[in-house]
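> dropping a prediction and its sequence here:
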Amino acid sequence: MAKISFKGNSINTQGDLPQVGSKAPDFKLTAGDLSEKTLSDFAGKKVILNIFPSIDTGTCAASVRTFNVEAAGLSNTVVLCISKDLPFAQGRFCAAEGIDNVITLSEYKDSNFSDAYQLKIVDGPLAGLLSRSVVVIDENGVVTFTEQVAETTEEPNYKQALAAL
């Protein structure tokens with residue numbers, strides 16, 4: 001288990017993120033049109049996984065906005081914003097905010113993604129949601145950067161994540 005915190009109180013995730021240098025686990029998530037997306041759908045591209053508890057919180061929304069701006073100028077790179085929110089809520093947020101440089105994906109159907117990446121929160125008030133994390137994967141499917149944000153209410157280190165591309 002990884003130890004993180006929420007508003008200063010200790011909580012745990014089911015395990016640890018994949019190691020830098022390891023092959024990124026494949027996954028199945030649901031897109032806004034309810035189609036299934038997998039990591040293999042983005043083969044040959046650099047991938048940033050921006051993972052968070054819920055798009056309906058200020059910090060989570062800020063991460064989507066920031067990566068949307070940063071992704072605009074990146075070549076051969078896709079940003080996947082992943083939460084357990086329903087695809088309809090994710091789509092409504094992106095439409096209202098004018099966000100179109102990231103892809104939102106949902107884990108509402110099963111825990112395939114969080115099991116593969118070991119980032120489901122297992123206790124405390126956010127139990128069952130995804131821990132705020134960033135995973136960067138190169139065009140060969142190898143993990144080049146991971147960050148599991150120690151305090152869930154804080155934003156990830158965008159500069160380090162982007163530097164790993």
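Perfect, thanks for sending it. Numbering: from 1, shown residues only.

> longest helix of the chain?
helix 58-71 (DSSP state H).

> list the helices and strands that one packs on?
For helix 58-71, the packing partners by 3 or more Cβ pairs under 8 Å, 6 or more residues apart in numbering; DSSP states H and E come out as strand 46-51, strand 77-83, helix 87-97, helix 158-163. Placement of C-beta: from N, CA and C, glycine included.

> compare the ones you listed and say which comes out lowest on pLDDT.
The minimum mean pLDDT among these belongs to helix 87-97 (a mean of 90).

> distance between it and the chain's centre?
Centre-to-centre, helix 87-97 and its host chain are 16 Å apart (Cα atoms, centre = their mean, to the nearest Å).

> quick one: work out the angle between that helix and strand 77-83.
Relative orientation of helix 87-97 versus strand 77-83 (axes from the mean of the first three to the mean of the last three Cα atoms, to 10 degrees): 120 degrees.

> if we can go back for a sec, what's the closest of the helices and strands packed on helix 58-71 to residue 132?
Ranking the helices and strands packed on helix 58-71 by their distance to residue 132 (criterion: Cβ to Cβ) puts strand 46-51 first, at 6.8 Å.

> pLDDT score for residue 63?
Looking at residue 63, its pLDDT is 86.

> quick one: it and residue 153 touch, right?
No. Contact between residue 63 and residue 153 fails when scored by Cβ atoms under 8 Å: they sit 11.8 Å apart.

> more crowded one of the two?
More neighbours surround residue 63 than the other of residue 63 and residue 153, with 24 against 15 (other Cβ atoms under 10 Å).

> now render the helices and strands packed on helix 58-71 as JSON lines, adding mean neighbour count and distance to residue 13.
Below are the helices and strands packed on helix 58-71 laid out as JSON lines (neighbours: other Cβ atoms under 10 Å; distance: least, Cβ to Cβ, whole Å):
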{"stretch": "strand 46-51", "mean neighbour count": "24", "distance to residue 13": "11"}
{"stretch": "strand 77-83", "mean neighbour count": "23", "distance to residue 13": "14"}
{"stretch": "helix 87-97", "mean neighbour count": "16", "distance to residue 13": "22"}
{"stretch": "helix 158-163", "mean neighbour count": "15", "distance to residue 13": "19"}
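
> good, we can wrap up now.
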